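Visitor: my questions are about this predicted structure, shown below with the sequence.
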Amino acid sequence: MAMCWGKLETRSMHMQEYFARPLALLVVMVCGLAGFAAHAAEETASKADQQCLGCHSNKGLEKKLPNGETLSLHIDEPAFARSAHNVLGCSVCHGDVTIENHPPLKKEIKSVRENSLAMASVCRNCHGNVFERYEAGMHAALLRAGNPAAPFCTNCHNPHAAVAKAAFDLATGTPCSNCHSSIFTAYTGSVHGRARNKGRIEAPVCSTCHGAHDVTAASGGDHLKNTCFGCHAGALSAHQKWLPNAQRHLDTIACAACHTPGAKRKVDLRLYDTAARKGIAEKQGVPQFDLRARAVDNEDKGLSSGELQRLLQQFNPDGSNGKTILRGRLEVDGAVPIHQLADKSRAVSQCETCHRAGSAPFQRVTISISDPSGRPIRYDAHQDVLTSVVSVDSVRGFYVIGGTRIGLLDVLVVLALLAGIGGPIAHLTLSWWFRRPARRIGGRDDS
């Protein structure tokens, strides 16, 4: 009986599968046709929108503003029909405009940028999560600081031709290259840019390292190193095979400092809060760091070793909980060269590049903290802040054997070494010398 029931159950399952397959195929076909129809419908503007486009699709439609600027009112109809915003329609973003009241008589437009900023607030209604990321980034910080070139939504996304996740164009670097053309040119010639152009989609683009909306300065803190390790997870083990004390090197040398062989390098000494265990950042408002640095820079030619000590004292008032110190890092000097990364076969690997007196990477020094957006704020310092005895406490976090030579320390070390070795030798010599008469006297007494 059990065997018969098992056969019936198996046969029932086969019948279900037999009828389920064409049914699933039918569902797929229906869904596919529906998706195709929806896609086709999306590429045609609605009747209400076509009323708007009846005028706004005309090339050359524009408005003269009181400040002399010209506001373009032209909309590319085919591009809008293909855009992600086609399904919303004109009225969702332009709720203050109706056929009866157009244009709104009370709406005053002072400038093109002011109009774009006002319209960008509409984006928040649908893209609230993107706005949160944007406001945490560098571009928003620049906007809050009043930077007239700080980008916002419509600088990177054409609202009438927006395509989901396709704002960046690899061939031209748009929209990033609109403001950072020289940097994008450097990127295209780098090992990353060449790999991407060959179709290697894993190779990084601008947003891979800096973020798309929460744009971050890669040179701030340990962001760049962590970003590099995100793709090059085996970097530490690979360096340990040939580089002594590899972890220390990777902590104090930016990746690009070795992987852009033709670039100039510098030492950046970052102010670091030992209590909070993080780099010091400028608060929003008055730039205190620059004012403090200029106050101690008597000749306005960069900080000397003594002036740097006085600056540190301002960040270490009596009774403070933690101590502000300097943490050094070897970096590429300049935003453009840092994007000219070369193949690893061309990376700097000769120890004498840094470990010799007067080496080029230590000829320029900057002192830095971060601004509210994470960008470094730098102030020039003299090269002797790395070699002066006054700077011993300042640069204890960045001392390169043979590179940052403090002459007096070398003399003291030699004296200490001689004292350490010479003291016992002198003691043994004197002991041996004074024991000789005692032995002779003892020998006469015995006789």
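Guide: Arrived safely. As the structure is a prediction and not an experimental result, all values here were calculated from the model.

Visitor: any idea of the pLDDT on residue 177?
Guide: Confidence at residue 177, expressed as pLDDT, is 95.

Visitor: next one: residue 233
Guide: Per-residue pLDDT puts residue 233 at 90.

Visitor: please tell me how far it sits from residue 226.
Guide: 11 Å (Cβ to Cβ, to the nearest Å). Any C-beta I mention is one placed from the backbone N, CA and C, and that applies to glycine too.

Visitor: how about the contacts made by the nearest residue to residue 156 once chain neighbours are set aside?
Guide: Once flanking residues are discounted, residue 156 sits nearest to residue 175: 4.1 Å by Cβ to Cβ, 6 or more residues apart in numbering. By Cβ atoms under 8 Å, 6 or more residues apart in numbering, the contact set of residue 175 is 151, 155, 156, 157, 167, 168.

Visitor: list the residues that contact the first one.
Guide: The reference is to residue 151. Residue 151 neighbours (Cβ under 8 Å, 6+ apart): 139, 143, 175, 179.

Visitor: try the fourth one
Guide: By Cβ under 8 Å, 6+ apart, residue 157 lies in contact with 167, 175.

Visitor: mind doing that once more with 7 Å?
Guide: residue 167 (Cβ atoms under 7 Å, 6 or more residues apart in numbering).

Visitor: helix, strand or coil for residue 266?
Guide: strand (DSSP: H, G, I helix; E, B strand; the rest coil).

Visitor: so the residue nearest to residue 156 versus residue 199, what's the distance?
Guide: Residue 175 is 23 Å from residue 199, by Cβ to Cβ.

Visitor: surely residue 312 touches residue 306?
Guide: No - in this structure residue 312 lies outside contact range of residue 306 using Cβ atoms under 7 Å: 10.9 Å.

Visitor: can you pull out the strands in the stretch 251-400 of the chain?
Guide: Along the stretch 251-400 of the chain, counting by DSSP state E, counting those that start in this stretch, strands occupy 265-273, 278-279, 324-332, 365-370, 376-381.

Visitor: check which helices and strands the last one is in contact with.
Guide: Where contact means 3 or more Cβ pairs under 7 Å, 6 or more residues apart in numbering; DSSP states H and E, strand 376-381 is packed against helix 288-296, strand 365-370.

Visitor: mean confidence score for the first one?
Guide: What that stands for is helix 288-296. 92.

Visitor: could you give the angle of that helix to strand 265-273?
Guide: 110 degrees (axes from the mean of the first three to the mean of the last three Cα atoms, to 10 degrees).

Visitor: check which residues of helix 288-296 are buried.
Guide: 289, 293, 296 (16 or more other Cβ atoms under 10 Å).

Visitor: try stretch 141-160
Guide: In stretch 141-160, counting by 16+ other Cβ under 10 Å, buried: 141-143, 150-160.

Visitor: just stretch 352-359 next, same as before
Guide: Applying 16+ other Cβ under 10 Å to stretch 352-359 flags 353, 354, 359 as buried.

Visitor: which residues does the first one contact?
Guide: So that's residue 353. With contacts defined as Cβ under 7 Å, 6+ apart, the neighbours of residue 353 are residue 359.

Visitor: read off the pLDDT value for it.
Guide: pLDDT, read off for residue 353, is 91.

Visitor: quick one: contacts for residue 66?
Guide: Residues in contact with residue 66 (Cβ under 7 Å, 6+ apart) are residue 110.

Visitor: please tell me how far it sits from residue 106.
Guide: Distance from residue 66 to residue 106, by Cβ to Cβ: 15 Å.

Visitor: again with residue 45
Guide: Residue 45 is 28 Å from residue 106, by Cβ to Cβ.

Visitor: ok, these two, which is more surrounded?
Guide: Comparing residue 45 with residue 106 by other Cβ atoms under 10 Å, the one with more neighbours is residue 45, at 20 against 7.
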